[in-house]
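Undergrad: here is a sequence together with a model predicted from it:
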Amino acid sequence: MSETTDTAAPPLLRMSGIRKTFGPVVALDGVDFTVEARQVHGLLGGNGAGKTTLMNVLYGLYDPDAGSIEIDGRPVAIASPRDAIAAGIGMVHQTFLQVDVFTVAENVVLGTSTKGVDAVARIGELSERFGLAVDPTARVADLPVGVRQRVEILKALYRGAKVLVLDEPTTNLTPQEVDDLFGSMRAIVDEGMSVVLITHKIRETMAVCDAMTIMRDGRWVATLDAAATTADDLADRMVGADSASEDETVRVALGEGEVGEATLVVPAAESEVRLTVEGLSVANPGGGDSPPLVDNVSLSLRRGEILGIAGVAGNGQVELAEALTGCRAASGSFVLDDVDLAGRPTADWLATGVVYVPEDRQRDGILPGAGLTENLVLGSHRRRASRGLINWSQARREAVQAIDEFSVKTPSAATPCGQLSGGNIQRVILARAFSHDPQVLLLHNPTRGLDIASTTFVYDRIRRAAAAGCVVIVISEDLDEVIALADRVQVVYAGRLVGDVPRGATDPYALGRLMTGVGA
Amino acid sequence: MSTAVAARPAAADRARSVLVSTVPYVLAVLAAFAVVAVIIVLLGHDPAKAFRAVLTNSFRNPTGMVQTLQKWVPLTLLAIAFAIPLAAGRFNIGGEGQMILGATGAVAVGITLSELPLVILLPLTILAGVVAGALWAAVAAWLMERYKVNEILSTVLLNFVSFEILDYVASVVWSDPGAGGAVTLPIGVGAELPALGRPPMHVGVILVALLAAVAAFLAKRSVAGFELSAVGLNERASRLHGIRTGRVAVLSMVVAGAVGGLAGAIEVAGVHQRMLEGIQSNFLLLGIIIGLIARGSLTAVPFVAFGIAVLEVGAGSMQRVSGAPVEIVLILEGLILLFILMSDVIMTRLRRARATKVAAA
């Protein structure tokens, strides 16, 4: 562990004493952050650690309450992204800001002066130099996520970025695309620029970073050289507890170690089949020749089995999840314990114990304006009623218990659910899911955006449900998560399920090929 | 379980938050009166005299109170007819059409079966109004659910159709030749709502008071009330949790139409004993204002409706006493709503400002 302060030349970027509050919440508490020239610098921490906030301050999206920024040793005032770009800072957000109907070249030059510049040639040259393969004349709406990300990086490089900030760039990339991205990052650093990689995955930082800064709860924790640290050391510092890295769920949450290596408790191998799905299809509302959104999916799942479904976002995951939980009209059969639920109303599925934990928690999971009690009652309100009246006093008592059992941080059970943090909302949704006595539990991206404590909590609950005999289906765009949790991994591509890999035989690159439709 | 959170904030905290939340209402009403006072002065009248007349008319003698309560009936019903679909996120702007169809249904039974005794004819008359209103709203609800026709447009346009139906029924089908203009024949004596006291007040007032209480109770406690507000709060989440959202929305419109139809039937059976042009008055507009001031709460609607009824009944007295035109009252009602909506914006700003001040301290 060596502090990177003792260099002759001033560092490329130095942020000191950055403080930022949102109302009563201290998001950044006097954070120092230094990036040397020609460096891939990992900015590491769990969700809510303040990584993205810090970089948004750098990019002029937030106005800090205190602190200063220096570039090449000269103080700069950054009040807007325009200032940040002028100072040589480029940022690639998790959601891309692109005009869908424009070409790659049009998107790249948008907002810049194109007088006397051959934009297409310049973009071609940049993309060749940094290994960012992309056709400048293609329409971005037609491009996959991985390529659209390259467009964002090209946008920043085209504007002369010296410090390129990438916010969780590997989300939604296949392992192959991640390798390509890391290659490009090295090429960028070799040209004298620096890259800041925001991530919560230790393995990624170990693979590509020269140095890393760890943040926790809005504070700077440590800045380390890659050569002088280990994955376990990083995990300890991220979680802040000595024993944390012993817990395997934490290791999974942090994406530590090689994927495929993590081992969780394997349930009794050959139990009886509880759930049989055959020929499940969801027609495309466009009709005609457009391909179905879910295409002839068949499954056979045993008691206590956890099926992981990997895939790049937008391959029919939401439709598949809704069809498998009776929330969307579909053809085919869904037989749970000899009962075919296909064609029955959603309430019947729920009453039978088919429970859905949706990906979009705010939009699909809760009534944001209603209190926690009402949210916990949603879906079981008919069961709780006698002669049409809901027993609210009992519901309130159970809500208090559920809040305690699932460690939801809330002022009271009457607090509107929309006021809670993402992790607490997910705990409310899980508390409700388990109150239905799940027989089939389907979770879609169950830990996206959650802090480490909530993530480990979710994993723990999933494993307990499986141990109790529940059939669990985890649909996730986080390949590490799928591999670590599942007894069996399948890949969804264009609405079809391809591949069927048992635990222990998972090769991330083989799965990556399936995710892009190559190996199908 | 020493760490368990409270099911609800403590009673004292709740009482305080209720008190705090009434402050913007009081201020909004005062501000509306202040602005209207300026308008009255500009028109050359005495605002003190005008306000005294408008506010005391209902309470000075029994006649004023009976007038107020009978005005309160259609105001409450049309406000409920607006508030129920509003809870499910739908906008029923067809209250007056549903009311006119309710009146039409009531006179159809009340005239054609006029010989029947009260115990049979009165329930039939009221029921005919309720069913007619519900069917009228069902047209818009069906278009909304089946063809995604915007319910605001369909209900408003169906109002215009209902005006022509009223005109046709009152001047062609059951026209009273003795009356000048579009007025139907009187309904049978057995179809009239009995009246109590002196001056007489029709029992529709009691019926609606009961109905309003039951509606408020069901909204808070029943499965239907929960599903209604769940759909309004988040339709997607409701659907994913087994609520048939389309059915809830359609039912909310149909029930609203039934309530609007009841308003029409009571106006026929309790007030006019016949149907006449203009029977819908401006109850739709006032019902929407009441529903919005009450923020869709069925508990608050009857009380807000009473306040508006006081203003409406006092309007004529105000014009007689002070010379200020009756339209002043509508301006006042509109301003109250406007200032309440503005108070939302101001409260949000204040809360944010206080939050940052606390953080900075």
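TA: Now that the structure is in, tell me what you want to look at.
Undergrad: give me the pLDDT for the spatially most central residue of chain B.
TA: The residue lying closest to the centre of chain B (Cα atoms, centre = their mean) is residue B:79, at 2.0 Å. You'll see residue B:79 listed with a pLDDT of 98.
Undergrad: quick one: contacts for it?
TA: Each residue near residue B:79 by Cβ atoms under 8 Å, 6 or more residues apart in numbering or on different chains is listed here: B:286, B:287, B:288, B:290, B:291, B:294, B:301, B:304, B:305. The C-beta positions use only the backbone N, C-alpha and C, and glycine is treated the same way.
Undergrad: tell me the helix or strand right after the helix-or-strand element of chain A with minimal mean pLDDT.
TA: Least confident helix or strand, chain A: helix A:248-253 with a mean of 63, by mean pLDDT, DSSP states H and E. Sequence-wise, the next helix or strand downstream of helix A:248-253 (DSSP states H and E) is strand A:273-282.
Undergrad: who's in contact with that following strand?
TA: Counting by Cβ under 8 Å, 6+ apart, residues outside strand A:273-282 touching it are A:292-303, A:316, A:319-320, A:323-324, A:328-337, A:439-440, A:469, A:471, A:495.
Undergrad: what about chain B: which of those residues touch it?
TA: Contacts with chain B within those, as defined by Cβ under 8 Å from any Cβ of the partner chain: none are present.
Undergrad: which strand or helix spans residue A:285?
TA: Under DSSP H and E, no helix or strand contains residue A:285.
Undergrad: quick one, what contacts it?
TA: Contacts of residue A:285 by Cβ under 8 Å, 6+ apart: none found.
Undergrad: show me what contacts residue A:160?
TA: Neighbours of residue A:160 in contact, by Cβ under 8 Å, 6+ apart: residue A:88.
Undergrad: about what we covered before: now the closest residue in space to the residue nearest to the centre of chain B that isn't next to it in sequence: which helix or strand?
TA: Nearest non-adjacent residue to residue B:79, counting by Cβ to Cβ, 6 or more residues apart in numbering or on different chains: residue B:290, 3.8 Å away. Following DSSP H and E, one finds residue B:290 within helix B:283-293.
Undergrad: got a list of contacts for that helix?
TA: Here helix B:283-293 makes contact (Cβ under 8 Å, 6+ apart) with B:74-83, B:86, B:93, B:95-96, B:99, B:159, B:263, B:300-301, B:304-305, B:308, B:312, B:333-334, B:336-337, B:340-341.
Undergrad: could you give the separation of it from the chain centroid?
TA: 6 Å (Cα atoms, centre = their mean, to the nearest Å).
Undergrad: same deal with stretch A:394-413?
TA: Worked out by Cα atoms, centre = their mean, stretch A:394-413 lies 27 Å from the chain centre.
Undergrad: thinking again about what came up before, count the residues that sit near the residue nearest to residue B:79.
TA: Residue B:290 has 29 neighbours, counted by other Cβ atoms under 10 Å in any protein chain shown.
Undergrad: distance of it from chain A?
TA: Using Cβ to the nearest Cβ, to the nearest Å, one gets 22 Å for the distance from residue B:290 to chain A.
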